[in-house]
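[1] Sequence first, then the predicted structure:
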Amino acid sequence: MEKTTLKKNIINGTLWSTGGQIASLFIGLIANIWLARILSPDEFGQVGVVMFFIIVANVLTEGGLVGALVRKKDATPKDYSTVFICNLVISVLCFLLLVAFSGKIADFYKDQALQSLLIVASPVLIINAFQITQLAKLISDLKFKKRSILRLISTIIGSIVGIISAYCGTGVWSLIYMQLGIAASLTILLWITEGLFFSIQFSKVSFKKLYSFGVNTTLASLLDTAFDNIYQLILGKYFSFNQVGYYYQAKKLQDVPGGVINMVTQTVIFSSLAKLQDDKVAFTKAYNKITLLFLVVLGFISCLIYVYSEQIILIVYGKKWLGAIFYMQLLTIASFFYLQEKINRVIFKVFDKTNQILYLEFFKKGVQIISIIVGVIYLNIYFLIVGFVITSIIGYFINYFYSRKILEKDGSFEFVSVIKVVMIASICIFVTCEVNNCIENIYIKLFSLPLLIILYWGGLYILRIYNIIDFIKNFKK
């Protein structure tokens with residue numbers, strides 16, 4: 001019965017989280033497309049630099065304590081209250097620091113508009129602090145339907161605010177107003193539907209227990225987030241805000257499929273598999289099924305985005321954004337391995353080995369720093385982004401190796417499957433691109449899609465990696 005319930009929770013949670021995330025990302029994408037046709041790459045570049053500091057500060061605010069709450073089986077109101085107080089204090093401190101250094105940041109980039117943009121965008125940190133505990137409770141209780149609906153509504157509200165602002169002539173400020181609108185509306189909706197869900201009390205005992213889990217994941221996430229977004233800072237400083245805009249938009253598009261998979265992994269999969277932490281055999285069996293499904297889906301999505309990146313950019317953003325094609329193709333490759341790495345990290349979190357995540361992240365960032373230095377020294381954008389791709393590949397295989405040590409199981413199945421999928425995807429991309437090179441009209445090139453589908457899924461079947469019908473039958477058992 002428990003096994004059946006878990007499968008039901010995984011399926012329902014995945015469907016609602018995926019559906020809700022897709023809907024939210026789709027609404028956000030529509031708003032982004034609308035704004036991209038009004039604003040210039042330079043304006044998006046300015047926001048790209050500002051959002052680096054907001055995103056990094058947001059990781060510090062969250063503090064990894066949400067994951068600790070989700071993992072804790074007997075979380076009490078005192079635990080939730082402790083997490084809220086910590087988040088609020090840290091968010092206020094981060095807000096004050098950003099305001100204090102906003103002038104220095106503007107001087108560094110020789111763009112005084114960044115100061116006012118950063119000051120106005122910073123309150124989103126404090127707003128988010130008032131929603132974290134409610135979101136943690138929804139995840140812990142596997143209420144993914146409600147969570148998805150609230151996120152969708154807030155995204156719609158924020159997007160409307162941004163679009164109306166842009167048409168009113170606010171320019172780059174419309175992007176800031178959109179972010180504030182999303183955060184504020186989600187917080188209000190959570191307070192209306194979930195209530196305060198805490199009392200104002202701080203427990204040192206609760207803090208120490210939650211902190212021991214959260215500190216490692218926080219530092220790892222901080223490194224991960226900072227280095228994942230640092231290219232916006234480097235492009236803005238050593239190249240141009242125009243290049244930041246191209247990179248930012250390519251990343252936004254790439255984040256649509258990547259965001260769905262990452263969100264499902266860190267919420268549905270983590271919270272569901274955490275229930276099996278006392279049974280490694282059952283955990284491994286469930287984990288392998290989930291990993292294989294995500295691997296196959298990721299490979300196919302990566303092929304589609306890489307091959308048809310030009311068509312995607314033209315249809316979505318228009319000709320003035322063609323400079324984003326290069327970034328989109330390489331970010332797709334990096335994302336494939338990065339998201340596989342995220343799935344592997346579920347093992348570290350479930351079995352409370354988060355300290356290893358931090359150690360592995362330090363090593364990975366060491367490699368990334370070297371690639372960044374090379375790109376900056378030679379002032380070569382290609383070196384810079386290819387270095388990011390190489391870092392993502394190395395990061396995945398290192399995490400894969402150490403995660404299998406925790407399970408104490410032979411992990412060759414996943415390793416071989418990844419290699420096979422990469423080979424099949426590479427062949428699909430090469431063959432389809434060669435066919436497209438013989439076609440002049442960029443839109444007629446889309447008719448090569450059936451060829452890509454046949455090559456990819458046929459390759460999976462021939463190499464006995466994945467069969468949709470067999471997967472459905474086995475998952476029901």
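    Sure, I can see it. Residues are numbered from 1 along each chain as shown.
[2] in terms of contact, does L60 touch T225 like I think?
    No: with contact defined as Cβ atoms under 8 Å, L60 does not reach T225; the gap is 9.6 Å. (Each C-beta comes from the backbone N, C-alpha and C, glycine too.)
[3] quick one, which of the two is more surrounded?
    L60 (20 against 17; other Cβ atoms under 10 Å).
[4] That one and I357, how far apart?
    17 Å (Cβ to Cβ, to the nearest Å).
[5] which stretches of the stretch 101-250 of the chain have low pLDDT?
    Applying pLDDT under 70 to the stretch 101-250 of the chain picks out residues 196-199, 213-214.
[6] let's see it at 90
    Along the stretch 101-250 of the chain, segments meeting pLDDT under 90 span 109-111, 129-152, 166-172, 190-233, 235-242, 244-245, 248-250.
[7] Also the stretch 351-477 of the chain?
    Applying pLDDT under 90 to the stretch 351-477 of the chain flags the ranges 351-365, 367-368, 375-376, 378-383, 395, 397-420, 435-477.
[8] hey, where'd the helices end up in it?
    Shown for the stretch 351-477 of the chain, the helices assigned by DSSP state H, counting those that start in this stretch span residues 354-377, 381-407, 412-437, 449-462, 468-476.
[9] residues contacting the residue lying closest to L114 once chain neighbours are set aside?
    For L114, ignoring the flanking residues on the chain, the nearest one in space by Cβ to Cβ, 6 or more residues apart in numbering is A106 at 4.3 Å. Applying Cβ atoms under 8 Å, 6 or more residues apart in numbering, we find A106 in contact with 112-115, 118.
[10] Could you report the neighbour count for N437?
    9.
[11] What residues does it make contact with?
    N437 neighbours (Cβ under 8 Å, 6+ apart): none.
[12] can you rerun that using 10 Å?
    K445 (Cβ atoms under 10 Å, 6 or more residues apart in numbering).
[13] Check which residues of the host helix or strand of I157 are buried.
    Using DSSP states H and E, I157 sits within helix 144-167. Neighbour counts over helix 144-167 (16 or more other Cβ atoms under 10 Å) mark 144-145, 147-152, 154-159, 161-163, 165-166 as buried.
[14] Same check on stretch 108-123?
    By neighbour count with 16+ other Cβ under 10 Å, stretch 108-123 contains the buried residues 109, 111, 114-115, 117-123.
[15] end-to-end on it?
    Taking Cα to Cα, to the nearest Å, stretch 108-123 runs 22 Å from one end to the other.
[16] Can you tell me the SS state at the spatially most central residue of the chain?
    Nearest to the geometric centre of the chain sits G259, at 4.4 Å (Cα atoms, centre = their mean). Assigned with DSSP: H, G, I helix; E, B strand; the rest coil, G259 falls in the helix class.
[17] Make sure it is actually in contact with S24.
    Yes: under the criterion of Cβ atoms under 10 Å, G259 makes contact with S24 at 8.9 Å.
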